[in-house]
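> Next input, structure requested:
(one chain, ligands or ions: 2)
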Amino acid sequence: MTRTLTILGLESSCDDTAAAVVRHTPGRAPEVLSAVVAGQTELHADFGGVVPEIAARAHTEKLDLCVEQALTQANLPLSELDAIAVTAGPGLIGGVLAGVMCAKGLSAGSGLPLVGVNHLAGHALTPRLTDQATFPYLMLLVSGGHCQFLIAKGPEKFTRLGGTIDDAPGEAFDKTAKLLGLAQPGGPSVEAEARTGNPTRFRLPRPLLDRPGCDMSFSGLKTALLRERDRLVAQYGGLRVQDRADLCASFQAAVADVLAEKSRRALTQYLDLAPVTPTLAVAGGVAANQTIRAALETVCAESGTQFLAPPLALCTDNAAMIAWAGIERFRAGHRDDMSLSARPRWPLDLTSPSMLGSGKKGAKA
Ligand code: KG4
Ligand code: ZN
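Numbering: from 1, shown residues only. Ligands and ions are numbered 1, 2, ... in the order given. Okay, here's the model as predicted:
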């Protein structure tokens with residue numbers, strides 16, 4: 001199908017309610033005509049994590065408002081769209097259900113086709129939205145809920161090389177911030193503290209580097225940090241300013257080392273495919289971290305691989321990526337109907353073994 005497509009995307013799988021309109025004419029760069037995100041950080045602030053029931057209710061309240069705003073900003077009525085794309089999983093089931101029901105209502109009312117999208121495919125296809133990346137490219141998803149390496153071979157074809165067996169890196173940053181009395185979300189607070197810290201003062205573990213493959217683990221790192229914190233508190237009667245900065249810097253260095261070394265291994269497997277333009281792209285909130293980004297850039301430079309980091313608003317949860325994945329899926333001939341169901345788990349690569357564990361931000365695929 002070679003005509004211009006304009007698709008509305010809906011996202012509600014975690015703690016961001018989002019709607020966006022994306023247009024694409026083959027041969028041209030896609031255009032994000034509007035992108036609205038209503039976050040829920042303050043609703044969950046007292047609970048130390050996302051509360052699924054609160055999230056689902058907030059999505060139900062905000063979805064139609066976000067849709068209205070997205071259409072107004074794009075200056076388009078529903079009748080001028082080609083389809084409605086919605087995250088149908090994986091994620092917190094109440095939120096995913098809220099999005100799927102809203103999309104079904106819009107589809108039934110307008111007669112527009114419905115396209116169910118995998119949230120992870122949304123992240124993984126973003127480099128094609130922002131940089132027109134060509135298949136195959138290597139993708140590293142690193143956020144509060146995701147951590148995996150994927151080779152994107154086609155709009156619906158992904159090979160998973162490995163991922164976390166426990167916490168996602170963002171989750172580890174958030175827990176670290178909590179242990180050190182820093183503000184949430186933990187990533188930016190820990191990164192800010194780390195700027196004045198010594199990354200080599202505490203030799204925190206680099207989990208799973210001694211094992212082959214691309215699987216990762218971050219929960220032991222947090223436990224090691226807790227032990228160092230308790231030792232310092234016992235010794236000095238509290239955590240001194242420099243101790244806290246050094247703990248943050250040492251923790252950040254450990255995460256960066258693990259992600260860099262595992263990226264090196266993932267790249268070796270990916271480069272075996274002899275891609276024309278070797279590319280490693282990142283997505284997820286943790287990709288905002290300058291130390292981690294620099295470490296990944298260094299690894300890419302070693303093998304002449306292009307490093308792509310989409311703008312942060314398109315790296316974190318958003319609906320433009322869902323609209324874009326919807327466009328790719330629609331062009332491939334995919335359509336859903338009223339039988340579309342919300343899925344808490346939906347691995348992108350059905351051939352890879354499923355991972356154990358579930359994080360604070362929902363089930364990991
Ligand atoms: O992609 P995202 O907005 O949401 C999902 O988790 O789906 O990612 C949020 C996560 C949080 O855990 C946050 O602490 C982390 O990304 N994060 C960072 C930084 N900024 C956000 N982690 C490390 N360094 C940062 N600068
Ligand atoms: Zn996400």
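> Tell me who's in contact with Ala323.
Counting by CB atoms under 8 Å, 6 or more residues apart in numbering, Ala323 touches 7-9, 20-22, 85. To be clear about C-beta, it is placed using only N, CA and C from the backbone, and glycine gets the same treatment.
> In helices, which of the residues you listed appear?
Among the contacts of Ala323, no member falls in helices (DSSP state H).
> can you list the residues that contact stretch 62-70?
For stretch 62-70, using CB under 8 Å, 6+ apart, the contacting residues are 8, 10, 12, 17-21, 34-38, 98-99, 102, 106, 319.
> Which ones among those map onto helices?
Filtering the contacts of stretch 62-70 for helices - DSSP H - leaves 98-99, 102, 106.
> From these, list just the buried residues.
98-99, 102, 106 (16 or more other CB atoms under 10 Å).
> Now distance to Ser339 too, for those residues, in JSON lines please.
Formatted as JSON lines, those follow (distance: CB to CB, whole Å):
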{"residue": "Ala98", "distance to Ser339": "18"}
{"residue": "Gly99", "distance to Ser339": "16"}
{"residue": "Cys102", "distance to Ser339": "16"}
{"residue": "Leu106", "distance to Ser339": "16"}
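> what's the residue of the stretch 101-250 of the chain found nearest ligand 1 in contact with, if anything?
With CB to the nearest ligand atom as the measure, Gly187 is the residue of the stretch 101-250 of the chain nearest to ligand 1, at 1.9 Å. For Gly187, the contacting residues are 170, 173-174, 177, 285-286, 288-289, by CB under 8 Å, 6+ apart.
> Return the per-residue confidence for it.
Listed pLDDT for Gly187 reads 95.
> before we move on, which element is it in?
Using DSSP states H and E, Gly187 sits within helix 186-194.
> Wait, a helix at Leu161?
No: assigned with DSSP: H, G, I helix; E, B strand; the rest coil, Leu161 falls outside any helix and is strand.
> so it makes contact with Phe149?
Yes: the criterion here is CB atoms under 8 Å, and Leu161 meets it with Phe149 at 4.2 Å.
> Identify the contacts common to these two.
Both Leu161 and Phe149 are contacted by 214, 266, under the criterion CB under 8 Å, 6+ apart.
> Which one's more surrounded, those two?
Phe149 (27 against 23; other CB atoms under 10 Å).
> Tell me who's in contact with that one.
Per CB under 8 Å, 6+ apart, neighbours of Phe149: 138-140, 160-163, 214, 262-263, 266.
> Shouldn't it be within a strand?
Yes: under three-state DSSP, Phe149 falls within a strand.
> pLDDT on the helix or strand hosting Thr176, on average?
Per DSSP H and E, Thr176 falls inside helix 169-179. For helix 169-179, the per-residue pLDDT values average out at 94.
> Please report the distance of the most centrally placed residue in the chain from Leu150.
Closest to where the C-alpha atoms of the chain average out (CA atoms, centre = their mean) is Gly284, at 3.5 Å. Separation of Gly284 from Leu150 (CB to CB, to the nearest Å): 12 Å.
> same thing with Gly109?
35 Å.
> One more: Gly144?
18 Å.
> Up against ligand 1, what does the stretch 151-300 of the chain have?
Residues of the stretch 151-300 of the chain lying near ligand 1 by CB under 6 Å from any ligand atom: 170-171, 173-174, 185-188, 191, 284-286, 288-289.
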